[in-house]
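Visitor: fold the stuff below for me.
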Amino acid sequence: MRARANFGRARFTARPRRRAPMVLEPLVALIAVAALGWVAIERGYVEIPGLEASQARSDYETVGDHFSLCAGSGGTCVIDGDTIRIKGQSIRIADIDTPEVRDYGCPDEKALGDRATLRMLELVNQGGFTMALWDQRDEDMYGRKLRVLERDGQSLGMMLVAEGLARPWGGARQGWCG
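Guide: Have a look, this model is predicted:
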(Lines give C-alpha, C1' and ligand atoms only; values in the text may rest on other atoms or scores of the structure.)
Protein backbone atom coordinates (compact mmCIF):
# COMPACT_ATOMS: atom_id res chain seq x y z
CA MET A 1 0.00 0.00 0.00
CA ARG A 2 1.08 3.42 -0.69
CA ALA A 3 1.25 6.03 1.95
CA ARG A 4 -0.65 9.20 1.39
CA ALA A 5 1.34 12.31 1.24
CA ASN A 6 0.51 14.96 3.77
CA PHE A 7 1.51 18.21 2.18
CA GLY A 8 1.77 20.34 5.27
CA ARG A 9 -1.80 19.86 6.32
CA ALA A 10 -2.38 19.05 9.90
CA ARG A 11 -4.50 16.09 10.65
CA PHE A 12 -7.53 16.79 12.70
CA THR A 13 -9.32 14.25 14.68
CA ALA A 14 -13.03 14.39 14.74
CA ARG A 15 -14.28 16.13 17.81
CA PRO A 16 -17.76 15.50 19.09
CA ARG A 17 -20.15 18.12 17.73
CA ARG A 18 -21.49 20.57 20.20
CA ARG A 19 -25.26 20.22 20.48
CA ALA A 20 -27.14 23.36 19.57
CA PRO A 21 -29.16 24.87 22.40
CA MET A 22 -32.65 23.37 22.55
CA VAL A 23 -34.76 26.32 21.49
CA LEU A 24 -36.94 24.93 18.74
CA GLU A 25 -38.65 22.14 20.72
CA PRO A 26 -39.82 24.35 23.64
CA LEU A 27 -40.94 27.03 21.18
CA VAL A 28 -43.04 24.55 19.19
CA ALA A 29 -44.52 23.19 22.44
CA LEU A 30 -45.39 26.72 23.62
CA ILE A 31 -47.10 27.53 20.31
CA ALA A 32 -49.07 24.27 20.45
CA VAL A 33 -50.25 24.94 24.02
CA ALA A 34 -51.22 28.52 23.13
CA ALA A 35 -53.18 27.34 20.07
CA LEU A 36 -55.04 24.70 22.10
CA GLY A 37 -55.84 27.28 24.78
CA TRP A 38 -57.14 29.72 22.20
CA VAL A 39 -59.38 27.03 20.66
CA ALA A 40 -60.70 26.04 24.11
CA ILE A 41 -61.60 29.67 24.91
CA GLU A 42 -63.09 30.32 21.47
CA ARG A 43 -65.34 27.26 21.64
CA GLY A 44 -66.40 28.00 25.20
CA TYR A 45 -64.74 24.94 26.78
CA VAL A 46 -62.85 27.19 29.18
CA GLU A 47 -63.99 30.40 30.82
CA ILE A 48 -61.59 32.95 32.19
CA PRO A 49 -62.94 34.89 35.19
CA GLY A 50 -63.24 38.57 34.37
CA LEU A 51 -63.24 37.99 30.63
CA GLU A 52 -66.66 38.67 29.13
CA ALA A 53 -68.00 35.96 26.84
CA SER A 54 -68.30 38.49 24.00
CA GLN A 55 -64.62 39.37 24.40
CA ALA A 56 -63.54 35.74 24.30
CA ARG A 57 -65.51 34.79 21.20
CA SER A 58 -64.59 35.89 17.73
CA ASP A 59 -68.12 35.45 16.40
CA TYR A 60 -69.06 38.89 17.70
CA GLU A 61 -68.51 42.06 15.75
CA THR A 62 -69.12 45.59 17.00
CA VAL A 63 -70.89 48.02 14.68
CA GLY A 64 -71.05 51.76 15.12
CA ASP A 65 -71.91 52.91 11.60
CA HIS A 66 -74.67 55.36 10.66
CA PHE A 67 -77.54 53.76 8.72
CA SER A 68 -80.02 55.17 6.20
CA LEU A 69 -82.88 53.54 4.33
CA CYS A 70 -81.58 51.48 1.40
CA ALA A 71 -82.08 53.06 -2.00
CA GLY A 72 -79.95 50.72 -4.10
CA SER A 73 -77.26 48.10 -3.75
CA GLY A 74 -74.29 48.76 -1.53
CA GLY A 75 -73.82 51.13 1.34
CA THR A 76 -74.78 50.84 5.00
CA CYS A 77 -78.54 50.90 5.30
CA VAL A 78 -81.75 49.23 6.48
CA ILE A 79 -83.47 47.14 3.79
CA ASP A 80 -86.49 46.14 5.89
CA GLY A 81 -87.31 45.23 9.48
CA ASP A 82 -85.19 42.09 9.52
CA THR A 83 -82.47 42.85 6.96
CA ILE A 84 -79.71 45.47 6.99
CA ARG A 85 -76.68 46.11 4.83
CA ILE A 86 -73.24 47.06 6.13
CA LYS A 87 -70.74 48.30 3.55
CA GLY A 88 -72.56 46.33 0.87
CA GLN A 89 -72.89 43.05 2.84
CA SER A 90 -76.49 41.98 3.54
CA ILE A 91 -77.19 40.92 7.11
CA ARG A 92 -80.34 38.95 7.98
CA ILE A 93 -81.42 39.68 11.56
CA ALA A 94 -81.75 36.02 12.38
CA ASP A 95 -83.79 35.94 15.58
CA ILE A 96 -86.92 37.62 14.13
CA ASP A 97 -89.30 37.68 11.20
CA THR A 98 -90.91 40.95 10.10
CA PRO A 99 -93.65 41.68 7.56
CA GLU A 100 -92.56 42.07 3.94
CA VAL A 101 -92.31 45.49 2.33
CA ARG A 102 -91.84 44.24 -1.24
CA ASP A 103 -93.60 40.93 -1.89
CA TYR A 104 -96.28 41.55 0.72
CA GLY A 105 -99.56 39.67 0.81
CA CYS A 106 -101.91 42.49 1.78
CA PRO A 107 -101.88 46.24 2.52
CA ASP A 108 -101.81 45.61 6.29
CA GLU A 109 -98.60 43.57 5.94
CA LYS A 110 -96.99 46.36 3.90
CA ALA A 111 -97.98 49.00 6.49
CA LEU A 112 -96.63 46.92 9.40
CA GLY A 113 -93.48 46.12 7.40
CA ASP A 114 -92.88 49.84 6.78
CA ARG A 115 -93.26 50.54 10.52
CA ALA A 116 -90.83 47.70 11.37
CA THR A 117 -88.32 49.05 8.85
CA LEU A 118 -88.42 52.57 10.29
CA ARG A 119 -88.17 51.26 13.84
CA MET A 120 -85.13 49.12 12.96
CA LEU A 121 -83.56 52.22 11.40
CA GLU A 122 -84.08 54.06 14.69
CA LEU A 123 -82.64 51.19 16.74
CA VAL A 124 -79.43 50.73 14.71
CA ASN A 125 -78.81 54.48 14.78
CA GLN A 126 -79.19 54.80 18.57
CA GLY A 127 -75.57 53.75 19.12
CA GLY A 128 -73.14 50.90 18.69
CA PHE A 129 -74.32 47.31 18.78
CA THR A 130 -72.82 43.88 18.39
CA MET A 131 -73.59 41.26 15.80
CA ALA A 132 -73.36 37.63 16.91
CA LEU A 133 -73.55 34.43 14.91
CA TRP A 134 -76.94 32.78 14.87
CA ASP A 135 -76.99 29.12 15.82
CA GLN A 136 -73.41 28.73 14.50
CA ARG A 137 -74.59 29.36 10.92
CA ASP A 138 -72.78 32.08 9.03
CA GLU A 139 -75.04 32.60 5.99
CA ASP A 140 -78.49 31.80 4.67
CA MET A 141 -79.20 30.37 1.21
CA TYR A 142 -79.25 33.89 -0.27
CA GLY A 143 -75.71 34.70 0.91
CA ARG A 144 -76.87 37.02 3.70
CA LYS A 145 -74.93 36.85 6.95
CA LEU A 146 -77.11 35.52 9.77
CA ARG A 147 -76.64 37.65 12.87
CA VAL A 148 -78.36 38.67 16.08
CA LEU A 149 -78.03 42.38 16.83
CA GLU A 150 -77.55 43.26 20.50
CA ARG A 151 -77.00 46.37 22.55
CA ASP A 152 -76.33 46.14 26.28
CA GLY A 153 -77.29 42.45 26.26
CA GLN A 154 -80.68 43.07 24.60
CA SER A 155 -81.61 41.83 21.15
CA LEU A 156 -82.70 44.66 18.86
CA GLY A 157 -84.92 42.16 17.07
CA MET A 158 -86.68 41.18 20.29
CA MET A 159 -87.38 44.88 20.88
CA LEU A 160 -89.38 44.80 17.64
CA VAL A 161 -91.17 41.67 18.86
CA ALA A 162 -92.07 43.40 22.15
CA GLU A 163 -93.46 46.35 20.16
CA GLY A 164 -95.61 44.09 17.97
CA LEU A 165 -93.60 44.81 14.81
CA ALA A 166 -92.02 41.35 14.47
CA ARG A 167 -92.26 37.81 15.77
CA PRO A 168 -89.51 35.45 16.90
CA TRP A 169 -88.03 33.47 14.03
CA GLY A 170 -89.61 30.03 14.03
CA GLY A 171 -87.62 28.42 11.22
CA ALA A 172 -90.08 29.16 8.42
CA ARG A 173 -91.88 32.15 7.00
CA GLN A 174 -95.47 32.67 7.98
CA GLY A 175 -98.03 34.97 6.46
CA TRP A 176 -98.92 38.32 8.00
CA CYS A 177 -102.37 38.65 6.46
CA GLY A 178 -105.51 37.45 8.24
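
Visitor: surely R119 and A162 touch.
Guide: No: contact between R119 and A162 fails when scored by Cβ atoms under 8 Å: they sit 10.9 Å apart. To be clear about C-beta, it is placed using only N, CA and C from the backbone, and glycine gets the same treatment.

Visitor: and those two? which has more neighbours close in?
Guide: R119 (19 against 11; other Cβ atoms under 10 Å).

Visitor: assign that one to helix, strand or coil.
Guide: Following DSSP: H, G, I helix; E, B strand; the rest coil, the label given to R119 is helix.

Visitor: then V101?
Guide: In the three-state summary, V101 is assigned as coil, counting by three-state DSSP.

Visitor: kindly list the main-chain dihedrals of it?
Guide: For V101, the backbone dihedrals are phi -110, psi -10 (criterion: degrees, to the nearest 10).

Visitor: and the pLDDT at Q154?
Guide: According to the predicted model, the pLDDT of Q154 comes to 94.

Visitor: bridging residues for it?
Guide: Here Q154 sits in beta bridges with R151, going by DSSP bridges.

Visitor: remind me which residues of the chain are low pLDDT?
Guide: 1-21, 23, 38-60 (pLDDT under 70).

Visitor: please redo it, this time with the cut-off set to 80
Guide: Within the chain, the ranges that satisfy pLDDT under 80 run 1-30, 32-60, 136.

Visitor: and the strands in it?
Guide: Listed in chain order, the strands of the chain (DSSP state E) span 60-63, 68-69, 77-80, 83-86, 89-93, 96-97, 129-133, 145-151, 154-155, 167-168.

Visitor: put together CSV for these, with mean neighbour count and distance to L123 on each row.
Guide: As requested, those are exported to CSV (neighbours: other Cβ atoms under 10 Å; distance: least, Cβ to Cβ, whole Å):
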stretch, mean neighbour count, distance to L123
strand 60-63, 14, 12
strand 68-69, 11, 13
strand 77-80, 20, 9
strand 83-86, 21, 10
strand 89-93, 19, 10
strand 96-97, 24, 12
strand 129-133, 19, 8
strand 145-151, 20, 8
strand 154-155, 16, 10
strand 167-168, 13, 16
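
Visitor: mind putting the ones you listed into a markdown table with distance to C106?
Guide: Conversion of these to a markdown table gives the following (distance: least, Cβ to Cβ, whole Å):
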| stretch | distance to C106 |
| --- | --- |
| strand 60-63 | 33 |
| strand 68-69 | 22 |
| strand 77-80 | 16 |
| strand 83-86 | 20 |
| strand 89-93 | 23 |
| strand 96-97 | 16 |
| strand 129-133 | 32 |
| strand 145-151 | 27 |
| strand 154-155 | 27 |
| strand 167-168 | 16 |
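
Visitor: which among these is found nearest to V28?
Guide: Using Cβ to Cβ as the criterion, the shortest distance between V28 and the strands of the chain is 31.0 Å, found for strand 60-63.
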